[in-house]
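Participant: Provided below are the primary sequence and the corresponding predicted coordinates.
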Amino acid sequence: MRTPLSRRDALKLGAAGLSSGWLSALAASAADHPDRTRSCIVLWMAGGPTQTDTFDPKPGHANGGPFKAIDTAAAGVKIGEHLPLVAGQMKHLAVVRSMATKEGDHGRASLHLRTGNLPQGAIDFPVFGSLIAKEREQPGNDLPGYVSITPRGLGTAALSAGFLGSQYAPMVVGGDSAGGDGPGGLRVENLGLPTNVSQRRADERRELLDELEADFLAARPGAATNSHTSAYQRAARLMRESAAKAFDLSDENDKLRDRYGRNRFGQGCLLARRLVERGVPFVEVTLGGWDTHDNNFGQVKSLCQTLDPAWATLMADLKDRGLLDTTTVVWMGEFGRTPGINPRQGRDHYPNAWSVVLGGGGIVGGQSVGKTGKDGMAVEDRPVAVPDLLATVCLALGIDPRKQNLSNVNRPIRIADQSAKPIKEVLA
Amino acid sequence: MSKLLTTAALTAVCFGLCVPAAAAPPDPQALADRIDAHLDARLTAAKVTPAPPASDTEFLRRACLDITGRVPKPRDVYDFLGDSDPAKRAKLIDELLEMPRYASHSAAVWRAALAPETTAVPEARVFQTGFEAWLRIKFRANTRYNALVRELLTVPLSADAGSPTPALRRPEDPNPLAFYAVKEAKPENLAAATARVFLGVQIECAQCHDHPFARWTRDQFWNQAAFFAGVERHGDGLFAPMSETISVRVITPMGGKKPVPAWLLDDREPSRSPDVSLRAALAGWVTAKDNPFFARAAVNRVWGQFFGRGIVDPVDDFHDDNKPSHPELLDELAKAFADSGFDFKYLIRAIGRTKAYQRTSARTESAQDDPRLFARMSLKGLTGEQLFDSLVLATGFREGGGRGAPREQFLTRFALSGKPAEPETSIPQALALMNGKFVNDATTVGASPTLTAVCELPGLTTGGRITALYVAVLSREPMPKELNRLVRYVDGAGKDHLAERLGDVFWVLLNSAEFRLNH
């Protein structure tokens, strides 16, 4: 099973890619150009969404299932019938139908898509959001650089800043179910001081805490104490009024809130807009439930009823506020689902050929890129691997994907693996 | 991994080699000395001086948290400090292992390993109580590990699909079926969990394709799933009842066409008898004394629990590219554990007596930071249970349990994230401890039993009151530097503010890294 040559081959290929010139030019201009400084919103579809019933319909083939394909605002691009509002935004979106990855296990695939790497011994790879938070660090902003709204699932490792350190770890909103399923669960609890504690008293306590624990912390350097210190510092900044207000959705017009959908995902998308508006460089909003092994079509229809208004309203709202050109929106999960339908009317895990959607700033919308065959089983045109996708997003954001960070094992690691071949067609 | 499975070991496993039980109980000190010899040899070779022994209070707090899941009571602190017996540390370990809290803490630890879904998936949370109750019974009786695992893997399920076994009758009743229910009674989930928790092997990556790095193939994954092929859930949802048709002995892989038979991971055929569940054959092989994976995975997991890091780390990921830091030590521990009849208490006694476990977590030279050397104690994060139960003890809080109660909220909010020895504190956690109702009540006179007692106890100096808070929260007395600073802080505000200022001291201690971490 071992392929000792593959690494060397990969290095060779990587070097060839770099010398081809256009990536260097693109990456350099991306990194230098102030117009390309963008925020990123990832709509993370936990569980692996079905491409066949959403963005890569197969009408007329048995694998296509019962859903129809509908026209969109982009000529020639058809998508599944349960995303009509998203179809209306297709001028701002580019569908990539040729994702070809190798991991079909939720945990490993999530790590792969979110870090660009598979677990490798001792290296603690940071997730993409943490990498972006570091590149776009803004010492003046009291809000964290990476906010993750309603994450789900078992893999806490898929939310780790890894070797970058906990100051780049995501601030999680609504991740525990203690807040219930309603949109109110998105509140950040305990942001305000208790009523019996004055600001002055709180400040005195914090000073005393810093002073008294200094020796303990100094004698025990490492991830545990760093994370403790960082969380307290970041929490204190978040308590400042300007930052805390970002999470107060009651500021928003009721009609707009309705359009997003009065559910956690819909309101999460609205919160994402409020955060990028305030300079947060990376926000992800999770919609779980895509692991549709059984009753795929019933479940997907229902998921789309949550997804469609939230995502379409997000695009329109960003546009209305002049934020669409400075915000890149990515729709993705950890893999796709089998084009074949199983006996339980479900679709199983499928990494071989699936879709992601890129949109907003830095992206040429109104098109589809790559394609699968009539039965959807295989990529027939320009396969896209994980590093390719992450490098593409980096370039859309204005970040050089070749930049290196020093890992915990003192080895420099690029933001996107050097094998990455960005999807040129979609980059503005 | 293939090297682990020597032909000799395989032969022994497959033909159920019988070894007579040892006559005398094994001596934990002898094993402790051998552990230290292995670690010391490596430290010497690496030219690293290990950190000095932990103080009595540091050791006491650590042992209490690791074995009973909460900090010691103030009385325990003074008793331990006052005991002049040179063997008092070993004695303490023995005493802690006999406390009911050893069983409840171990149950929580193993529940988290076996059924992580009960914290991660809201609907699965209701299974937590009953599953822990079942595990608690096992740990209280010191049920041997092989027997416990065998029982779990062979839990009887109704053979009559028309009247399946309910997944849950009453949530608080001891219930091993929770393991099957949270895995959705799916053969592939059950097989993956069995391999991961009991064998330290992650075969699930081979679910969809041959794994590129390890030796496991897609067929082998489905071979394992086939042991559970007869298990069936009737209806949707985690609470659907289950049955088992033992005549079903093959499984059709996801996306495949050809059915795959049950076949052991060592490439041998399992024993099959027509009226016995294949799960029994799997359980027999998994828990066999000479199964090279089983004992290694178990000792490595317990080691990870006590040191924050496995000899193979992560503790459930044994493979060729993830080598043990001390291979001979791992072998020796596994053999000693199996020879003891899979006795957890023996293993914990030995670990607790080592110099390595008894080192301070404070660094005295930078080379001690390499966690693979075990040169100083790592800092471990407290689980939600450990944090809440320790908070309750320190603050004197009393309230009934149940859903929505503070304990349940803490378990959710303070569930550990990050690696055990690199615990991550989140912003919401910091906010909850700084501003949350629980800590605010605990640090407000009137609402807080401990603080009220400390403020109102007659005849105490300010220094005495501060000392009482230190012992309650940090299980130690303050150092002179700390005491001077805090007496100045408390007395500086005048008598009228005594309660408020002591409340601030209490708040500072409860929010300190020293309380938040197991060090």
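Facilitator: Sure, I can see it. Numbers count the residues shown, from 1 in each chain, chains lettered A, B, ... in the order given.
Participant: in chain A, which segments are predicted with low confidence?
Facilitator: A:1-36, A:121, A:153-158, A:175-184 (pLDDT under 70).
Participant: Residue B:501 looks like it's in a helix, true?
Facilitator: Yes. Under DSSP: H, G, I helix; E, B strand; the rest coil, residue B:501 sits within a helix.
Participant: Go ahead and confirm it touches residue B:493.
Facilitator: Yes. In terms of Cβ atoms under 8 Å, residue B:501 counts as a neighbour of residue B:493; the distance is 5.1 Å. To be clear about C-beta, it is placed using only N, CA and C from the backbone, and glycine gets the same treatment.
Participant: Show me which of these two is the more surrounded one.
Facilitator: Between residue B:501 and residue B:493, residue B:501 has the larger neighbour count (other Cβ atoms under 10 Å in any protein chain shown), namely 23 against 14.
Participant: which residues does that one contact?
Facilitator: By Cβ atoms under 8 Å, 6 or more residues apart in numbering or on different chains, the residues touching residue B:501 are B:489-490, B:493.
Participant: ok, now with 10 Å
Facilitator: Residue B:501 makes contact with A:201, A:204, B:455, B:462, B:465-466, B:486, B:489-494, according to Cβ atoms under 10 Å, 6 or more residues apart in numbering or on different chains.
Participant: Show me which of the residues you listed are buried.
Facilitator: A:201, A:204, B:455, B:462, B:465-466, B:486, B:489-490 (16 or more other Cβ atoms under 10 Å in any protein chain shown).
Participant: Show me the shaky parts of chain B.
Facilitator: B:1-23, B:205-215, B:255, B:400-404.
Participant: all strands in it, in order from the N-terminus.
Facilitator: Taking DSSP state E, the strands of chain B run over residues B:231-233, B:242-244, B:250-251, B:260-261, B:380-381, B:517-518.
Participant: Show me the one of those strands that comes nearest residue B:447.
Facilitator: Among these, the nearest to residue B:447 by Cβ to Cβ is strand B:517-518 (26.2 Å).
Participant: that older thread, among the buried ones among the contacts of residue B:501, name the ones in helices.
Facilitator: Among the buried ones among the contacts of residue B:501, DSSP state H puts A:201, A:204, B:455, B:462, B:465-466, B:486, B:489-490 in helices.
Participant: Now do the contacts for the nearest residue to residue B:297 once chain neighbours are set aside.
Facilitator: For residue B:297, ignoring the flanking residues on the chain, the nearest one in space by Cβ to Cβ, 6 or more residues apart in numbering or on different chains is residue B:200 at 3.3 Å. Residues near residue B:200 by Cβ under 10 Å, 6+ apart: B:1, B:293-294, B:296-298, B:300-301, B:310, B:312, B:314-319, B:322.
Participant: quick one: secondary structure of residue A:359?
Facilitator: Quick answer, by three-state DSSP: residue A:359 is strand.
Participant: could I get the buried ones among the contacts of residue B:501 as JSON lines with distance to residue B:357?
Facilitator: Formatted as JSON lines, those follow (distance: Cβ to Cβ, whole Å):
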{"residue": "A:201", "distance to residue B:357": "41"}
{"residue": "A:204", "distance to residue B:357": "39"}
{"residue": "B:455", "distance to residue B:357": "38"}
{"residue": "B:462", "distance to residue B:357": "37"}
{"residue": "B:465", "distance to residue B:357": "34"}
{"residue": "B:466", "distance to residue B:357": "31"}
{"residue": "B:486", "distance to residue B:357": "32"}
{"residue": "B:489", "distance to residue B:357": "36"}
{"residue": "B:490", "distance to residue B:357": "37"}
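Participant: Run a quick neighbour tally on residue 352.
Facilitator: You didn't pick a chain, so chain A it is. 22.
Participant: that's the wrong chain, I meant chain B
Facilitator: 24.
Participant: wait, it sits on residue B:28?
Facilitator: Yes. Look at residue B:352 against residue B:28 with Cβ atoms under 10 Å: they come within range, at 8.1 Å.
Participant: Name all residues that sit in contact with these two at the same time.
Facilitator: Joint contacts of residue B:352 and residue B:28 (Cβ under 10 Å, 6+ apart) are B:90, B:93-94.
Participant: Of those, just say which sits nearest to residue A:405.
Facilitator: residue B:93 (43.0 Å).
Participant: Distance check, the closest one against residue B:354.
Facilitator: Look at residue B:93 and residue B:354: by Cβ to Cβ, to the nearest Å, they are 11 Å apart.
Participant: can you pull the contacts of residue B:233?
Facilitator: B:164, B:167, B:180-181, B:183-186, B:239-243 are the contacts of residue B:233 under Cβ under 10 Å, 6+ apart.
Participant: ok, the longest helix along chain A near chain B or not?
Facilitator: Longest helix of chain A, by residue count under DSSP H: helix A:296-320. No. Helix A:296-320 lies apart from chain B when judged by Cβ under 10 Å from any Cβ of the partner chain; the minimum separation is 11.1 Å.
Participant: For that helix, list every residue counted as buried.
Facilitator: In helix A:296-320, counting by 16+ other Cβ under 10 Å, buried: A:296-297, A:299-300, A:303-304, A:306-318.
Participant: The closest residue to residue B:112 other than its chain neighbours - how many residues pack around it?
Facilitator: With Cβ to Cβ, 6+ apart as the measure, residue B:119 is the residue that lies nearest to residue B:112, at 6.8 Å, once sequence neighbours are left out. Neighbour count of residue B:119, defined by other Cβ under 10 Å: 20.
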